[in-house]
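Peer 1: coords please:
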Amino acid sequence: MLLIKIPTKEGWDEKKEQFVSVKGATLQLEHSLISLSRWESIWHKPFLSMANETTQEEFKSYIQCMSMTQDIDPALLDMLTNDEIKKIKNYIEDPMTATWFREDPKRHGKSGIGGPVMTSEYIYYLMIDCGIPKEMEKWHLNRLMTLIRVVKEKERSGSKKNSYKDTMNQYAAMKARSRIPK
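Peer 2: As a prediction, the model looks like this:
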């Protein structure tokens, strides 16, 4: 979670053509699959593949979608400083994990998972496919994507562990093959 403390500020209201005072607040922001879903339901386009191409209005909308703080005055978002916006962008880009991968550009797209454009629905599909509980939709999105990638890498490498029953059956088969007939 990212906390941004915004003090009470004065600004210019272009519609009313007068100075206004906007009460400060502490924004609690979460870059999560839930935030992504909210934003995509408003704008009807994939945020992750267009993050560098969003307009100021779209990015401020994403900040609102990330907010855990109730009833944010939209004017407050208009008064965010460049430093505050930079902190938010850095938070969004933070991997939030110590896990890293060797990159193979032929095998993976930008996300490292491959497949279609990353929309919230596709990420939910990947969670279901990987057996990741829905509660993890609240994780920082980059951390969730890393977990999905770890599961997919393990599946590709065939390193899924056998169940106890499968292991015992394999041992029994090996033992039967090793017996010498009399």
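
Peer 1: Look up how far E135 lies from the nearest residue to R38 once chain neighbours are set aside.
Peer 2: Computed as CB to CB, 6 or more residues apart in numbering, the closest residue to R38 that is not its neighbour in sequence is C65, at 4.0 Å. (Glycine included, C-beta is placed from N, CA and C.) Distance, C65 to E135, using CB to CB, to the nearest Å: 19 Å.

Peer 1: Settle it for me: which of the two has more neighbours?
Peer 2: Set C65 next to E135 and count neighbours by other CB atoms under 10 Å: C65 wins out with 22 against 7.

Peer 1: check which helix or strand covers the residue nearest to R38.
Peer 2: Assigned by DSSP states H and E, C65 falls within helix 56-66.

Peer 1: Flag every buried residue along that helix.
Peer 2: For helix 56-66, a neighbour-count test (16 or more other CB atoms under 10 Å) marks E58, F59, K60, S61, Y62, I63, Q64, C65, M66 as buried.

Peer 1: what about the strands in the protein?
Peer 2: 2-6, 9-13, 18-22, 25-29 (DSSP state E).

Peer 1: Off-centre distance for the last one?
Peer 2: So the one you mean is strand 25-29. Here strand 25-29 is found 19 Å from its chain centre; the criterion is CA atoms, centre = their mean, to the nearest Å.

Peer 1: Pull the residues that contact that strand.
Peer 2: Strand 25-29 is contacted from outside by 1-6, 63, 66-69, 72-73, 76, 88, 91, using CB atoms under 8 Å, 6 or more residues apart in numbering.

Peer 1: out of those, who has the most neighbours?
Peer 2: For the contacts of strand 25-29, the largest number of neighbours (other CB under 10 Å) sits with M66, at 25 neighbours.

Peer 1: dump the residue contacts of that one.
Peer 2: Residues near M66 by CB under 8 Å, 6+ apart: L29, E30, H31, S32, S35, I88.

Peer 1: burial of S35, as a residue count?
Peer 2: When neighbours are defined as other CB under 10 Å, S35 has 24 of them.

Peer 1: What's the per-residue pLDDT of D73 here?
Peer 2: Predicted confidence (pLDDT) for D73: 80.

Peer 1: And for the one 10 residues further on?
Peer 2: Among the per-residue scores, D83 shows a pLDDT of 95.

Peer 1: L2 now?
Peer 2: 96.
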